[in-house]
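>>> Compute the structure for the input listed below.
(one chain, ligands or ions: 1)
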Amino acid sequence: MRKITAILLAALMLLSISSAFAAEAAPQTAKYVFFFIGDGMSNAQTTAAQYFLGTQENAESKTPVQAPLSFTAFPVAGQMFTYDATSFAPDSASTASAMSTGNRILSGSINVGYKQGEKGLEPDAQNTYKIITEYAKEAGMKVGVVTSVSLDHATPAAYYAKAPKRSAYYDIAVQGLTSDVVDFLGGGGFLQPTGSDKAQKDLLEIAKENGFTLYNTNEAVRAIGAEEGRVLAISPELRDGQAMEYEIDRLAEGGGNLSLAEMTAAGIRALEGNEKGFFMMVEGGKIDWAGHANDVGAVIYDVFALADAVEEAVAFAQKHPEETLIVVTGDHETGGMTIGYAATGYDVHMDYLQNQKTSYVAFDKVVDQLAESKATFDDVMAAIQDNYGLTREEGSKLSLSAQEIARLSAAYTFGMLPSDQRKGVTGPEEQMHYGGYNPLSVTASHILANKAGIDFSSYSHTGVSLPVYAQGAGAELFGGNYENTEIFTKMMEAMGLSADK
Ligand SMILES: [Zn+2]
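As a prediction, this is how the structure comes out:
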C-alpha cells in the first residue's frame, strides 16, 4: 500500500513538473495584434455575405452554397454578449469601450464611467478608464487605428480617447492627435475640423504640430512605407458623414479609390518595423450605417470590404505566424437583419441581390435629381429598375406587384412633399415605413430585400449576441461564450500584459 502511495506521489510530482514545463513553453505572446470590428455585424450579416458570395461564385448551382470569408475560416470561434450598463441594444460608444477597457458603461460615452445623477445615471467625467492601446504603448508597441468612417467616430475614438459624450468630435480628435497613443490614424476625415463653433484651431494644424505627416491622396496613401514618425492618412473620396465610400459604390465607380484593405495595408507597412510590434484596431464602420438604412446590398459589400482588410492581416501573419493574433468581431447588431421573410416562407433567393448596383446614399442622389427635375413616375421606375432590378414588366423574378408599385408611388410622392408639409403625416407609421430615410430609396431597398427573403426588424441596433473569430498567438482564448468586456482581458493576456490595479 505504502509502495503504491510512493509511486503515486512520484507520478504526481512528475506531472506537476511536466505541467510547469508546459507553462514555460506556453504559446508565444502576441507581438502583432489585429482587432477588426465590423460595426453592426452579427451572424445575419456575415452569413448573408457568405451565401451571396457562394451564389455568385456558383451561379449554376441548384442547391444553396456558402463561400467562406477570410475570417470565417479562422480556427477559433466564440460568441459574446453586447449589452452595456443600461441597454440590451447598446451603441458603438459603450460597446467599443467595453472591448477597449473591459468596463461596462453607458451608451453614448467613451471610456468614461458613470454615477447616479439627479436625473438618473450619468457619465462621470472624473472616472476614466485606461485603454488597451495605452497599455500596448507602455509596452513599446506601436498603435494603429483605422476606420472606414470619420476618425473621430465612436469606435475609433474608443481606442484613443475618453469622453462623457461621443458627440464631442473635436475634443475627441484633439485627444487622439495630442496624446502619444496613436502612431497611425487612417480612414475618413474629421466631422468638426475646426470645432463645433468652427472657431477652433484646425485639426490638421494640430496634427502637424504633434508630429503627424498627412497623406490624403490615393497615391500618397498607397506609397506609405515604414515610417519613423506618426501618420495621418485620410481618404480623398469622402462621402456621407466624412466617411469613405460604401464598398458597393467604390466598386461601381471602377474600384480605383482607396479601400479599407488598402488603408489597413498602409498601416501595417507604417508600423511593422517596430521592434516591439503593434496593436491595430480596424473598423468596418458602414456595415452599421447600411444596417440602419436596411440596405442589404450595402451591408453585404461592406462585410466584403472588412474581409478584404482582414486578408491583409492574414498575409502579414504568414510572415510572423507565431507572434500574430487576429481577432474579428462586431460591436452590436444593426437592423435586426435576418435571412427568411414572412411572405417568402422557406424561400431565399440570394441571387436577386446581384441586381442592386449602388448604396442607398448614391441612389438618394438619383432620387433628388429626379425630384428636382419633376420627373414622371415612369422615369422614377426606370431608375429603380436600373439600380435594383425591380420592374413593372411581368414575368421577371423581380416583377413588382400592384401593391409594391403603390408603395413605391406613395413613397415618391411623400418624399416630394416639402418638409413642413410632411410634418402632419410624420408619425409612428412613417417611422415604421421609412425610418427617417429617403422614402423611395428605403422602400426600394425593402422590396428587393424581401423578394430575396431577407428582412429587417429595426432601423436601430439590436441585442443579439455576436460571433468572435480568432487565429494566431492566443487565439484559443477567444473560444466559448463570454461578455464583450472579456475581449479586453483576453487580448491583454494574449499580449502578456497585465492591467493596473
Ligand atoms: Zn449604429
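>>> after the helix or strand of the chain with the lowest mean pLDDT, next one along is what?
Every helix and strand of the chain was ranked by mean pLDDT, DSSP states H and E. The lowest is helix 2-24, at a mean of 50. Counting by DSSP states H and E, the next helix or strand C-terminal to helix 2-24 is strand 32-38.
>>> Now the element after that next one, going C-ward?
helix 43-57.
>>> In that next one, which residues are buried?
Applying a neighbour-count criterion of 16 or more other CB atoms under 10 Å, one finds 43-55 buried in helix 43-57. C-beta: built from backbone N, CA, C; applies to glycine.
>>> So which elements touch whatever helix or strand comes next after that helix?
Next in sequence after helix 43-57, counting helices and strands by DSSP H and E, comes strand 76-81. Where contact means 3 or more CB pairs under 8 Å, 6 or more residues apart in numbering; DSSP states H and E, strand 76-81 is packed against strand 466-472, strand 480-483.
>>> In the chain, where is pLDDT below threshold?
For the chain, the stretches flagged by pLDDT under 70 are 1-27, 423-427.
>>> can we see that at 50?
Scanning the chain for pLDDT under 50 picks out 1, 15-24.
>>> Give me the domain ranges for it.
The chain breaks down into these domains under automatic domain parsing: 32-338+460-495, 349-452.
>>> Could you export these as TSV, including distance to residue 501?
Putting those into TSV (distance: least, CB to CB, whole Å) gives the following:
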stretch	distance to residue 501
domain 32-338+460-495	11
domain 349-452	46
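>>> wait, residue 221 sits on residue 261?
No. Between residue 221 and residue 261 there is no contact under CB atoms under 8 Å: 11.7 Å.
>>> before we move on, back to that, for residue 119, which of the helices and strands packed on strand 76-81 is the nearest?
Comparing the helices and strands packed on strand 76-81 by their distance to residue 119 (CB to CB), the top pick is strand 480-483, with 27.7 Å.
>>> tell me which residues in the host helix or strand of residue 220 are buried?
Here residue 220 sits within helix 218-222, counting by DSSP H and E. Buried positions in helix 218-222, judged by neighbour count with 16+ other CB under 10 Å: residue 221.
>>> Tell me which other helices or strands it touches.
If contacts are counted by 3+ CB pairs under 8 Å, 6+ apart, helix 218-222 sits against helix 260-271.
>>> Give me the angle between the helix it packs on and strand 32-38.
Between helix 260-271 and strand 32-38, the angle comes out at 160 degrees (axes from the mean of the first three to the mean of the last three CA atoms, to 10 degrees).
>>> what does helix 260-271 contact?
142, 144, 146, 148, 183-184, 186-187, 215, 221-222, 224-227, 231, 233, 235, 244, 247, 278, 280, 282, 284, 305-306, 308-309, 311-313, 316 (CB atoms under 8 Å, 6 or more residues apart in numbering).
>>> same thing but 7 Å
Residues outside helix 260-271 that contact it (CB atoms under 7 Å, 6 or more residues apart in numbering): 142, 144, 146, 148, 183-184, 186-187, 221-222, 224-227, 231, 233, 244, 278, 280, 282, 284, 305-306, 308-309, 311-313, 316.
>>> buried stuff in stretch 79-95?
79-85, 87, 89-95.
>>> same thing with stretch 117-133?
Within stretch 117-133, the residues scored as buried using 16+ other CB under 10 Å are 123, 124, 128, 129, 130, 131, 132, 133.
>>> Which two among the residues you listed are spaced furthest apart?
It's 124 and 133 that sit farthest apart of those, by CB to CB, at 21.5 Å.
>>> Grab the nearest non-local neighbour of residue 257.
residue 237 (4.4 Å; CB to CB, 6 or more residues apart in numbering).
>>> Correct me if wrong: that neighbour contacts residue 255.
No. Counting by CB atoms under 7 Å, residue 237 stays clear of residue 255, with 11.7 Å between them.
>>> neighbour-wise, which of these two wins?
Neighbour totals were compared for residue 237 and residue 255, and residue 237 leads with 15 against 9 (other CB atoms under 10 Å).
>>> Phi, psi for that one please.
Dihedral angles of residue 237 (phi, psi; degrees, to the nearest 10) stand at phi -100, psi 90.
>>> And for residue 328?
Dihedral angles (degrees, to the nearest 10) for residue 328: phi -130, psi 130.
>>> where's it relative to residue 313, distance?
Residue 328 sits 9 Å away from residue 313, going by CB to CB, to the nearest Å.
>>> now residue 206
Counting by CB to CB, the separation of residue 206 from residue 313 is 30 Å.
>>> who has more neighbours, the two?
More crowded of residue 206 and residue 313, by other CB under 10 Å: residue 313, with 29 against 18.
>>> what's near enough to touch the residue nearest to residue 331 when sequence neighbours are not counted?
Excluding its sequence neighbours, the residue lying closest to residue 331 (CB to CB, 6+ apart) is residue 95, at 4.0 Å. Contacts for residue 95 (CB under 7 Å, 6+ apart) come out as 82, 84, 331, 332, 484.
>>> again, but for residue 242
So residue 242 contacts 150, 188, 189, 190, 191 (CB under 7 Å, 6+ apart).
>>> quick one: it and residue 202, what's the gap?
Separation of residue 242 from residue 202 (CB to CB) stands at 15 Å.
>>> Now name the helix or strand holding residue 380.
Here residue 380 sits within helix 377-388, counting by DSSP H and E.
>>> buried ones in that helix?
Buried residues in helix 377-388, counting neighbours by 16+ other CB under 10 Å, are found at 380, 381, 383, 384, 385, 387, 388.
>>> same thing with stretch 202-213?
For stretch 202-213, the neighbour count (16+ other CB under 10 Å) marks 203, 204, 206, 207, 210, 212, 213 as buried.
>>> Just put the residues you listed in a markdown table and tack on secondary structure and distance to residue 440.
Shown next, in a markdown table, are the buried residues of stretch 202-213 (DSSP: H, G, I helix; E, B strand; the rest coil; distance: CB to CB, whole Å):
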| residue | secondary structure | distance to residue 440 |
| --- | --- | --- |
| 203 | helix | 36 |
| 204 | helix | 38 |
| 206 | helix | 42 |
| 207 | helix | 40 |
| 210 | coil | 45 |
| 212 | strand | 42 |
| 213 | strand | 44 |
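>>> Output these in a markdown table, with distance to residue 113 appended to each entry.
Putting the buried residues of stretch 202-213 into a markdown table (distance: CB to CB, whole Å) gives the following:
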| residue | distance to residue 113 |
| --- | --- |
| 203 | 27 |
| 204 | 32 |
| 206 | 27 |
| 207 | 29 |
| 210 | 27 |
| 212 | 30 |
| 213 | 35 |
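>>> Just give me the closest of those to residue 453.
residue 203 (45.1 Å).
>>> From residue 78, how far out is the residue nearest to residue 139 when sequence neighbours are not counted?
In space, and not counting its chain neighbours, residue 139 is closest to residue 497: 5.8 Å by CB to CB, 6+ apart. Here the criterion is CB to CB. By it, residue 497 lies 20 Å from residue 78.
>>> More neighbours: the two, which one.
Set side by side, residue 497 and residue 78 show more neighbours around residue 78, with 23 against 16, by other CB under 10 Å.
>>> what's near enough to touch the more buried one?
Remark: with contacts taken as CB under 7 Å, 6+ apart, residue 78 is in contact with 468, 478, 479, 480, 481, 482.
>>> State the number of residues packed around the closest residue to it other than its chain neighbours.
In this structure, residue 78 finds its nearest non-sequential neighbour in residue 468, 4.3 Å apart by CB to CB, 6+ apart. Neighbours of residue 468 under the rule other CB under 10 Å: 25.
>>> Report the buried residues of stretch 235-248.
Of the residues in stretch 235-248, 235, 238, 239, 240, 242, 243, 244, 245, 246, 247, 248 count as buried by neighbour count, 16+ other CB under 10 Å.
>>> For the stretch 251-400 of the chain, just list every one of the helices.
Remark: helices assigned in the stretch 251-400 of the chain by DSSP state H, counting those that start in this stretch are 260-271, 286-292, 296-319, 360-372, 377-388.
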